[in-house]
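> Show me the folded form of this:
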Amino acid sequence: MAFELAPELQRDCIELATWPLCKVLLMNDCQYPWFILVPQVEGLREIIDLDAQQQLLFWQESKQLSELLMSVFEPDKLNVAALGNMVPQLHVHHIARYVNDAAWPKPVWGVNPAQPYTEAQLVELKKALAL
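Next up is the predicted model:
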């Protein structure tokens, strides 16, 4: 079987980049700088399902994305989490949070309806990230 992105991620996200292991996605909700790493390996549900080399590469890519988000967005807190309760395909959220964001201090899920990015916002975001 070839790798396919879960339908929910296809529906809710914008693909920004393909790194050696992971796809880098942007959640289409401009209320939060919300990114998702998805290892391009078929059938993954948990990080422990990656082999040792893939785990190392995953953590390197997570670190790379985390450092990029800290540099570009300068958040008060960076939330990194792999939940998978609604989407079982392994995907890891990287969310830049601010004490004055729309959901603080709660998790971002379900607090407010998503507000999709405009084309202009996406252009600026991609430029800032240089992905």
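
> I'd like the average pLDDT over stretch 121-131.
Stretch 121-131 shows a mean pLDDT of 93.

> then that stretch to PDB, C-alphas only?
Output of stretch 121-131 as PDB, limited to C-alpha atoms (Å, rounded to 0.1, in the frame of the first residue of the first chain):
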ATOM      1  CA  GLN A 121      -2.600  35.500   4.400                       C
ATOM      2  CA  LEU A 122      -1.300  32.300   2.900                       C
ATOM      3  CA  VAL A 123       1.100  34.200   0.700                       C
ATOM      4  CA  GLU A 124       2.500  36.100   3.600                       C
ATOM      5  CA  LEU A 125       2.700  33.000   5.800                       C
ATOM      6  CA  LYS A 126       4.500  31.000   3.200                       C
ATOM      7  CA  LYS A 127       6.900  33.900   2.600                       C
ATOM      8  CA  ALA A 128       7.600  34.200   6.400                       C
ATOM      9  CA  LEU A 129       8.200  30.400   6.700                       C
ATOM     10  CA  ALA A 130      10.300  30.100   3.500                       C
ATOM     11  CA  LEU A 131       9.100  26.400   3.200                       C
END
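
> Can you give the distance of it from its chain's centre?
Mean-position distance between stretch 121-131 and its chain equals 15 Å (CA atoms, centre = their mean, to the nearest Å).

> now swap in stretch 50-57 and tell me
Relative to its parent chain, stretch 50-57 has a centroid offset of 19 Å by CA atoms, centre = their mean.

> same thing with stretch 14-26?
9 Å.

> do the same with stretch 49-57
The chain centre lies 18 Å from the centre of stretch 49-57; the measure is CA atoms, centre = their mean.

> so for that stretch, what's the average pLDDT?
Summarised as a single mean, pLDDT over stretch 49-57 is 97.

> For residue 71, the count of nearby residues, please.
10 (other CB atoms under 10 Å). Bear in mind the C-beta positions are built from the backbone N, C-alpha and C, glycine included.

> Same check on the one 5 residues further on?
When neighbours are counted by other CB under 10 Å, residue 76 registers 12.
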